[in-house]
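Structure here, sequence nowhere to be found:
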């Protein structure tokens, strides 16, 4: 297992938007979801603001129940909640979920914000999240399981990073404690291939692999059109 902890790829201004998104996700996790420890807050956040493809597509009947673990069940009212296309990106299912999502965003987000500019980075981030949600919905149209997490949008950041900075050196932990360095193209390319493998052949039931795949491909496709003109594709570091 390779866990990135740092990239040798400086930016020329503070990534205010990246830090704001990280802060917003953490604040929502702690105060809006009770850090997963306050059952009432956690349940309401997942059921009310998580994305349910069957609900958005009108395939869920009024009063239908869906268990989401911890003795919690969501009750659907038959009215599609389209706002969840955005809100699901700022919710998480556990401490590990939010920790690794924010770690990846902290390491790779600053360079993409630097390449796009602050306003375009916000638009880019949300668009990648929307494409990611659409990709996951297409694989399970009638699902009643709420989808939450920033990983689809963050996968878009990773897709943009591998295109703009493939040779940037990334410090990673091998097996959690052995520090090594590897080019971004290796660590992020491996990430994408793993998501694709699990998406095609099956993996953990509670992971939205196709959201990761869709977000990554969206990042690849969008960054060239949205980056600032003076931004080069690679950094020779």
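Happy to help now that I have it. Values in this document were obtained by computation on a predicted structure and should not be read as measured data.

residues in contact with residue 107?
Residues counted as contacts of residue 107 (C-beta atoms under 8 Å, 6 or more residues apart in numbering) are 4-7, 170. To be clear about C-beta, it is placed using only N, CA and C from the backbone, and glycine gets the same treatment.

mind checking the SS state of it?
Per DSSP: H, G, I helix; E, B strand; the rest coil, the local secondary structure of residue 107 is helix.

Return a PyMOL selection command for the buried portion of the contacts of residue 107.
Selecting only the buried entries of the contacts of residue 107 in PyMOL, with 16 or more other C-beta atoms under 10 Å as the criterion:
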select buried, resi 4+7+170
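
ok, the contacts of residue 107 vs residue 146, which is closest?
residue 4 (28.1 Å; C-beta to C-beta).

helix/strand/coil for that closest one?
Assignment for residue 4 (three-state DSSP): strand.

my guess is it meets residue 104, correct?
Yes. Using C-beta atoms under 8 Å, residue 4 is in contact with residue 104, at 7.0 Å.

gap between residue 97 and residue 208?
Distance of residue 97 to residue 208, given as C-beta to C-beta, to the nearest Å: 11 Å.

Please identify every residue contacting each of the two.
residue 149.

Which one of those two is surrounded by more residues?
Neighbour tally, residue 97 and residue 208, criterion other C-beta atoms under 10 Å: the higher count belongs to residue 208, 28 against 19.

Pull up the per-residue confidence for the more buried one.
pLDDT recorded at residue 208 is 91.

how far away is it from residue 30?
23 Å.

Mind putting the contacts of residue 107 into CSV with pLDDT and distance to residue 159?
Below are those laid out as CSV (pLDDT from 0 to 100; distance: C-beta to C-beta, whole Å):
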residue, pLDDT, distance to residue 159
4, 92, 15
5, 91, 20
6, 91, 20
7, 93, 15
170, 95, 15
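
quick one, strands of the protein?
Assigned by DSSP state E, the strands in the chain fall at 2-8, 65-69, 72-75, 169-174, 178-183.

Just checking: what are the partner strands of the fourth one?
Partners of strand 169-174 in the sheet, by DSSP bridges, are strand 2-8 (antiparallel), strand 178-183 (antiparallel).
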